[in-house]
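**Student:** coords below, sequence missing:
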């Protein structure tokens with residue numbers, strides 16, 4: 001149903017109703033921004049990437065062959081634009097000192113201790129994610145946050161399905177190591 005709905009709006013745009021493109025923007029803007037943000041790690045750059053991706057999609061809409069969903073096609077644009085930007089500017093590697101010491105640091109922003117622990121864990125996962133290579137961040141985002149199947153991720157990234165599984169495994173291993181190191185650091189500072 002969603003795919004047909006996107007296609008109907010694409011047909012309207014191609015027929016001359018350029019305002020119909022706003023439906024596609026409204027529908028996909030959050031996921032486009034989130035993918036860009038998780039890859040580049042910067043809110044302003046992610047907004048710019050998402051806007052740029054929608055502009056590229058609009059300009060190339062006549063070339064969209066409708067073999068995949070519009071979202072897959074758009075996310076490929078977002079993914080490639082994000083990875084290209086990170087490569088050209090060089091990725092900024094976060095240090096462990098940039099991560100808060102422990103869940104206590106989150107108490108002021110949380111309503112209770114459980115929420116503080118959850119916020120701490122989420123921040124730790126996001127911290128570990130930002131320490132990965134940009135392509136690994138993209139794969140983790142598409143698979144775990146957007147919950148896409150490896151077939152669709154292969155279409156978006158241009159990486160073979162079998163290779164995606166291997167890269168996801170390696171990225172998870174790296175993240176686990178980063179998290180373990182950060183937790184050791186936190187334990188050291190809290191002694």
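**Tutor:** Now that the structure is in, tell me what you want to look at. A quick note: this is a predicted structure, and the numbers were derived from the prediction, not measured.
**Student:** Which helix or which strand is home to the residue nearest the centre of the chain?
**Tutor:** When Cα atoms, centre = their mean is applied to the chain, the residue found nearest the centroid is residue 35 (2.4 Å). Under DSSP states H and E, the secondary-structure element containing residue 35 is helix 21-40.
**Student:** Can you name the secondary structure element that comes next after that helix?
**Tutor:** The element immediately downstream of helix 21-40 (helix or strand, assigned by DSSP H and E) is helix 43-59.
**Student:** What is that next one packed up against?
**Tutor:** Other elements packing on helix 43-59 under the criterion 3 or more Cβ pairs under 8 Å, 6 or more residues apart in numbering; DSSP states H and E are helix 21-40, helix 70-89. Glycine gets a C-beta too; all of them are placed from N, C-alpha and C.
**Student:** ok so, going back, look up how far residue 77 lies from the residue nearest to the centre of the chain.
**Tutor:** Distance from residue 35 to residue 77, counting by Cβ to Cβ, to the nearest Å: 10 Å.
**Student:** Dump the helices and strands packed on helix 43-59 into TSV; add mean pLDDT and distance to residue 112 as well.
**Tutor:** Listed next are those as TSV, based on pLDDT from 0 to 100; distance: least, Cβ to Cβ, whole Å:
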stretch	mean pLDDT	distance to residue 112
helix 21-40	94	27
helix 70-89	91	36
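**Student:** between those helices, which one is nearest to residue 173?
**Tutor:** Of all the helices and strands packed on helix 43-59, the one in closest proximity to residue 173, counting by Cβ to Cβ, is helix 21-40 (18.4 Å).
**Student:** Give the buried residues for the closest one.
**Tutor:** By neighbour count with 16 or more other Cβ atoms under 10 Å, helix 21-40 contains the buried residues 21, 23-24, 27-29, 31-40.
**Student:** Quick check: which ranges of this protein have low pLDDT?
**Tutor:** Within the chain, the ranges that satisfy pLDDT under 70 run 1-4, 90-111, 185-191.
**Student:** What is the longest helix of it by residue count?
**Tutor:** Counting residues, the longest helix found in the chain (DSSP state H) is helix 161-189.
**Student:** List the buried residues of the helix or strand hosting residue 123.
**Tutor:** With elements delineated by DSSP H and E, residue 123 resides in helix 113-130, which encompasses its position. When burial is assessed from 16+ other Cβ under 10 Å, helix 113-130 yields the following buried residues: 116-117, 119-120, 123-124, 127-130.
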